[in-house]
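Visitor: structure for the following, please:
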Amino acid sequence: NRILLPALRDGVKILTGAQVTRLITSRDGHKVIAAEARHAGRTVRIHAKTFAVAGGAVNSAALLLRSADDRHPRGLGNSTGLLGRNYMVHNSTFFVGVNPLRTNPTKWQKTLGINDFYEAGPGTPFPLGNLQMLGKLQAPMLKPARPWAPNWALKFMSARSIDIYLTTEDLPSL
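Guide: Just a heads-up that it's a prediction; the model follows:
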């Protein structure tokens with residue numbers, strides 16, 4: 001409400017379902033003057049005084065790289081050639097251990113964390129991951145991961161589980 005409504009009152013328009021494919025700069029290459037986008041099966045140009053790139057780490061870097069032109073042959077904002085190369089993702093998952101003979105009554109079991117649960121990866125001296133307890137899972141939290149599983153089975157399992165969160169580092173490529 002504090003940003004969107006005033007912007008709409010000032011004439012900002014929202015175009016839903018569009019994917020910006022590249023940014024177009026002025027002839028001197030100093031200012032973005034338009035964004036090219038795919039919308040409803042066609043290419044459109046969006047002109048504005050000001051542009052903000054807010055596509056997250058991966059999509060912002062990809063957009064700037066796709067916006068290469070004669071003045072910016074390696075992409076916008078990429079004079080060093082490092083745009084997007086220092087990005088590190090946290091590849092995450094969880095696993096659940098179940099003891100069918102014993103319930104786990106805890107509500108929040110975040111009591112364990114190990115930051116070096118496996119050896120360093122090839123070409124790096126650093127451990128590449130983390131293992132920690134996950135807040136106690138409940139059946140509705142498991143349903144999206146296993147939509148085919150009946151609710152009674154998910155309730156049975158989550159009431160008897162220990163839940164562990166795993167994350168690994170995707171180190172940057174230089």
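
Visitor: following element in sequence after the helix or strand bottoming out on mean pLDDT in the chain, please.
Guide: Every helix and strand in the chain was compared by mean pLDDT, DSSP states H and E; the lowest is strand 113-114, with a mean of 74. Next along the chain after strand 113-114, taking DSSP states H and E as the criterion, comes strand 129-133.

Visitor: what about the spatially closest residue to V53 that is not a sequence neighbour, which SS state?
Guide: Closest residue to V53 apart from its sequence neighbours, by CB to CB, 6 or more residues apart in numbering: S60 at 4.9 Å. Every residue, glycine included, has its C-beta placed from N, CA and C. What DSSP: H, G, I helix; E, B strand; the rest coil gives for S60 is helix.

Visitor: and the pLDDT at the residue nearest to the spatial centre of the chain?
Guide: In the chain, the residue lying closest to the centroid (CA atoms, centre = their mean) is G56, at 6.8 Å. The model reports G56 with a pLDDT of 88.

Visitor: look up how far A62 lies from it.
Guide: 10 Å (CB to CB, to the nearest Å).

Visitor: test my guess that the residue nearest to V53 contacts R66.
Guide: No: using CB atoms under 8 Å, S60 makes no contact with R66, being 10.9 Å away.

Visitor: just to revisit the earlier point, distance-wise, check the residue nearest to the centre of the chain relative to T103.
Guide: Taking CB to CB as the measure, G56 falls 40 Å from T103.

Visitor: which helix or which strand is home to the most far-flung residue of the chain relative to its centre?
Guide: Here the centre of the chain is the reference, and by CA atoms, centre = their mean the most remote residue is L101, at 38.2 Å. For L101, there is no host helix or strand (DSSP H and E).

Visitor: what's the answer for A68, then?
Guide: Going by DSSP H and E, A68 is not in any helix or strand.

Visitor: that one reaches G81, doesn't it?
Guide: No: applying CB under 8 Å as the test, A68 and G81 come out as separate, 11.9 Å apart.

Visitor: so what's the closest residue in space to I164 that isn't next to it in sequence up against?
Guide: Among residues not flanking I164 along the chain, F95 sits closest, at 5.4 Å (CB to CB, 6+ apart). Residues near F95 by CB atoms under 8 Å, 6 or more residues apart in numbering: 163-164, 166.

Visitor: now T25
Guide: 31-33, 67, 69, 71-72, 76.
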